[in-house]
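*Asks:* Structure for the following, please:
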Amino acid sequence: GAARAAAAAPVVPTVTGGTRPAAGRLRRGLTAAALVAVAGGLAVPVGSWAVGDDDRFVLREHVSPPFEVGQYPSPLAAFRRYVEMPEPDAANRYEQVLMTLDGAPEGTRVRFAALDSYDGVVWGAADRAAGTDGVGVTRASFQRVSTSIDNPVEGERVDVRVELGEGYDGVWLPTVGALTELRFAGPRADAAADSFRYNLATSTGVVPSGLAPGDAYVLEAVVPPAGADGLDEDDLPAAPDPALASAASFLATQAVQWTAGEAEPMARVLAAARHLRTVGKYTDGVLEAEKIYTAGHYRGRLGEGFVDDVVMAGNDEQYAATMALVANAIGVPARVVVGAVVPADGVVRGEHVEAWVELQVADGSWRTLPTEAFMDFDRPAERPPLNEQEMSGTVVPPPAPVPPPSSLADQTDAELDARAGSPEETGSELPAWVLWALGIVGGPLLLVALWFALVLGAKAWRRRRRRGAPRASARLVGAWRELVDAARDLGTGVPVAAGVTRREQARSLPLPAAPALARTADGHVFGPTPPADGVAADYWDQVMVVRRELRAGVPWHRRLRAAASLRSFRRT
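*Replies:* Sure, this is the predicted structure:
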């Protein structure tokens, strides 16, 4: 700056008629040079002292981004990996050991995660819990905690050692009761303890660095006495959760019909549970005759595909999701918990996994509504094929009688010729103008059909290529692009220019679940560890569910135009 100022300094005329530089020009230049030399001399030793000879100081390595638990898949959405399969399946964990608990009394409930948020697609864990600690104080969700946890609850104290088996992985930490102390063991203990977070309001733990078979930890917890967390019709509920009550509004009719004759909120909830257990049927949807009962607990599956279906059939996923929503529609705060009941030997396998519901009462505590209170295990009757349904109840007419030979022999040749050429014998021929019209219209229709086939085939090939990408992170990115492309084909203006982030695109999508899906993709793509294959598969399932809802929300002619649209193939 001093050099530029000196160069721009005006030339001042002298008394004798000559010229000289402006006052201080030379002095400023020498001063600037001296300052640069001093600064350069100090920069080297100070910089070496601050960051060392070999390391760089990178700010992003010392600043933690805000924690978002919504980026992790809901364990309820993956419930079918724990059901019994008729044929071997590599992803199934029904017979695998999930964990071994030493010190947990038989019948204790071990929880994987408490899910207290529903966005119309999936039950998940909220970033901030709506629960209370008994005095009306809302606790922040998933905070970093030390080895000892200040958890003021009453009950029986237990010391439990947990070792994860071959069938358990992910980020959700299985816990018992309300934690008061937790210590990780094994070679990955430091990383797990450094990233561990715990939600005091939902008694749910998460380890963002990930859990793997062989990990072990010792916990001290408080469990309620036997029968202390039960429910009674006279129990007063806590204040309703407005967000969950709004999300459950599509089941408001069932909340009224299933509770006729009851007035108190908790009595209505228990009446709805009895209705579900009495009317519903149980199926995992894996048998050939039961594959019509699909997985998922999005609105369409719980509405038309469950409570409004001819046969209300499903497993823990659909029953627990519906039961919790109906309770919230009645006005009783409810959440879904995925976990297991500890058997006598303490070895929890996939077959022991279940989903139950917890209801909040007026003192702020949560009471258990067990799975067997709202779900029975009677299987649905096999539905006959469609052609059998159409033929049932009809009377098949007898075959037409064959005329005796004499009736034909008595006719003359002219009569036989006339009968052979009659419309009744040969069938009436199409008029010429109909054939001409078919020739004119058939050609363009054939071209249109060919165009639809080519475009749909190209989109199916693109979807298969994205879903089969070699890296799990690439499959996650491909799933998000599939959702964006579907919206663009339907005419939604979603920006796809270079530099546009997924969260910016989510704001242009007319879907409540889009921001959560965008955060989930970002969390795994830019996370500290590569995502697992199961995470990508679950994410694809969620995206395809949202994609179907997106298409269902537009008229049929827009869906038809979208099928033939090439807009999603343009990258700008």
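*Asks:* When you work out contacts or count neighbours from here on, use the C-alpha atoms and nothing else.
*Replies:* Noted.
*Asks:* what about residue 517, helix or strand, and which?
*Replies:* Using DSSP states H and E, residue 517 sits within helix 514-525.
*Asks:* Tell me how many other residues crowd residue 191.
*Replies:* As a burial measure, residue 191 scores 14 neighbours (other C-alpha atoms under 10 Å).
*Asks:* Nearest spatial neighbour of it, chain-adjacent residues omitted?
*Replies:* residue 209 (6.9 Å; C-alpha to C-alpha, 6 or more residues apart in numbering).
*Asks:* Following the chain past the helix holding residue 517, name the next helix or strand.
*Replies:* Downstream of helix 514-525 (by DSSP H and E), the next one is helix 533-552.
*Asks:* Tell me the helices and strands packed up against that following helix.
*Replies:* For helix 533-552, the packing partners by 3 or more C-alpha pairs under 8 Å, 6 or more residues apart in numbering; DSSP states H and E come out as helix 472-489.
*Asks:* still on that earlier bit, quick one, the helix holding residue 517 and helix 533-552 angle?
*Replies:* 160 degrees (axes from the mean of the first three to the mean of the last three C-alpha atoms, to 10 degrees).
*Asks:* For residue 368, see how far away residue 250 is.
*Replies:* Separation of residue 250 from residue 368 (C-alpha to C-alpha, to the nearest Å) stands at 24 Å.
*Asks:* Buried residues, the helix or strand where residue 451 lies. List them.
*Replies:* Residue 451 belongs to helix 432-467 when assigned by DSSP H and E. Under the neighbour-count criterion of 16 or more other C-alpha atoms under 10 Å, helix 432-467 has 452, 459, 466-467 buried.
*Asks:* closest to residue 338 among the residues you listed?
*Replies:* Using C-alpha to C-alpha, residue 467 comes nearest to residue 338 of those, at 27.8 Å.
*Asks:* burial count for the closest residue to that closest one other than its chain neighbours?
*Replies:* Nearest non-adjacent residue to residue 467, counting by C-alpha to C-alpha, 6+ apart: residue 475, 5.4 Å away. Using other C-alpha under 10 Å, residue 475 is surrounded by 24 other residues.
*Asks:* Also residue 128?
*Replies:* Using other C-alpha under 10 Å: residue 128 sits among 17 other residues.
*Asks:* Pairing partners for it in the sheet, please.
*Replies:* residue 140 (DSSP bridges).
*Asks:* what's the spacing between it and residue 295?
*Replies:* For residue 128, the distance to residue 295 - C-alpha to C-alpha - is 28 Å.
*Asks:* got it, and residue 179?
*Replies:* From residue 179 to residue 295 the distance is 33 Å (C-alpha to C-alpha).
*Asks:* who has more neighbours, the two?
*Replies:* Per other C-alpha under 10 Å, whichever of residue 179 and residue 295 has more neighbours is residue 179, with 26 against 20.
*Asks:* Quick check: beta-bridge partners of the more buried one?
*Replies:* residue 221.
*Asks:* contacting residues for it?
*Replies:* Contacts of residue 179 were listed using C-alpha atoms under 8 Å, 6 or more residues apart in numbering, and they are 149, 151, 203, 219-222.
*Asks:* which of those lies closest to residue 515?
*Replies:* Out of these, the member with the shortest distance to residue 515 (by C-alpha to C-alpha) is residue 203, at 25.9 Å.
*Asks:* Cross-check the contact I'm expecting between the closest one and residue 173.
*Replies:* No. With contact defined as C-alpha atoms under 8 Å, residue 203 and residue 173 do not form a contacting pair (10.3 Å).
*Asks:* between these two, which one's more packed in?
*Replies:* Between residue 203 and residue 173, residue 173 has the larger neighbour count (other C-alpha under 10 Å), namely 23 against 19.
*Asks:* and the more buried one, what are its phi and psi?
*Replies:* phi -90, psi 120 (degrees, to the nearest 10).
*Asks:* ok so residue 368 is a strand residue?
*Replies:* Yes. Assessed with DSSP: H, G, I helix; E, B strand; the rest coil, residue 368 lies in a strand.
*Asks:* does it have beta-bridge partners, and which?
*Replies:* residue 358.
*Asks:* who's in contact with it?
*Replies:* If you count contacts by C-alpha under 8 Å, 6+ apart, then residue 368 has 229-231, 356-359 around it.
*Asks:* related to what we said a few turns ago, out of the contacts of residue 179, flag the one nearest to residue 513.
*Replies:* residue 203 (25.2 Å).
*Asks:* mind checking pLDDT for that closest one?
*Replies:* What the model reports as pLDDT for residue 203 is 92.
*Asks:* Distance of it relative to residue 366?
*Replies:* Distance, residue 203 to residue 366, using C-alpha to C-alpha: 11 Å.
*Asks:* Repeat that for residue 181.
*Replies:* From residue 181 to residue 366 the distance is 21 Å (C-alpha to C-alpha).
*Asks:* So between these two, which is more surrounded?
*Replies:* residue 366 (24 against 18).
*Asks:* quick one: contacts for the closest residue to the more buried one other than its chain neighbours?
*Replies:* Excluding the flanking residues, the one nearest residue 366 by C-alpha to C-alpha, 6+ apart is residue 360, at 4.3 Å. By C-alpha under 8 Å, 6+ apart, residue 360 lies in contact with 237-238, 332-334, 366-367.
*Asks:* Would you tell me what helix or strand residue 360 is located in?
*Replies:* strand 353-360.
*Asks:* What is the distance between the helix or strand encompassing the residue nearest to residue 191 and the centre of its chain?
*Replies:* Assigned by DSSP H and E, residue 209 belongs to strand 204-211. Centroid separation for strand 204-211 versus its chain: 18 Å, with C-alpha atoms, centre = their mean, to the nearest Å.
*Asks:* Paired strands for that strand, with orientation please.
*Replies:* Sheet pairing for strand 204-211, using DSSP bridges, gives strand 170-173 (antiparallel), strand 197-199 (antiparallel).
*Asks:* Turn these into JSON lines, including mean pLDDT and distance to residue 143.
*Replies:* Putting the strands paired with strand 204-211 into JSON lines (pLDDT from 0 to 100; distance: least, C-alpha to C-alpha, whole Å) gives the following:
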{"stretch": "strand 170-173", "mean pLDDT": "95", "distance to residue 143": "14"}
{"stretch": "strand 197-199", "mean pLDDT": "92", "distance to residue 143": "5"}
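*Asks:* Ok, which of these comes nearest residue 351?
*Replies:* Closest among the strands paired with strand 204-211, using C-alpha to C-alpha: strand 170-173, at 18.2 Å.
*Asks:* Can I get the closest one in CSV, CA atoms only?
*Replies:* Only the C-alpha atoms of strand 170-173 are listed here, as CSV (Å, rounded to 0.1, in the frame of the first residue of the first chain):
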residue,chain,number,x,y,z
GLY,A,170,-25.7,-49.6,13.5
VAL,A,171,-25.7,-46.6,15.9
TRP,A,172,-28.6,-47.3,18.4
LEU,A,173,-27.2,-48.5,21.7
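*Asks:* which helices and strands does the helix or strand following that strand pack with?
*Replies:* Next helix or strand after strand 170-173 toward the C-terminus (DSSP H and E): strand 175-176. Where contact means 3+ C-alpha pairs under 8 Å, 6+ apart, strand 175-176 is packed against strand 109-115, strand 216-223.
*Asks:* Buried residues, stretch 172-190. List them.
*Replies:* 172-185, 188.
*Asks:* Could you check how many residues crowd around residue 208?
*Replies:* Quick note: residue 208 (other C-alpha under 10 Å) scores 22 neighbours.
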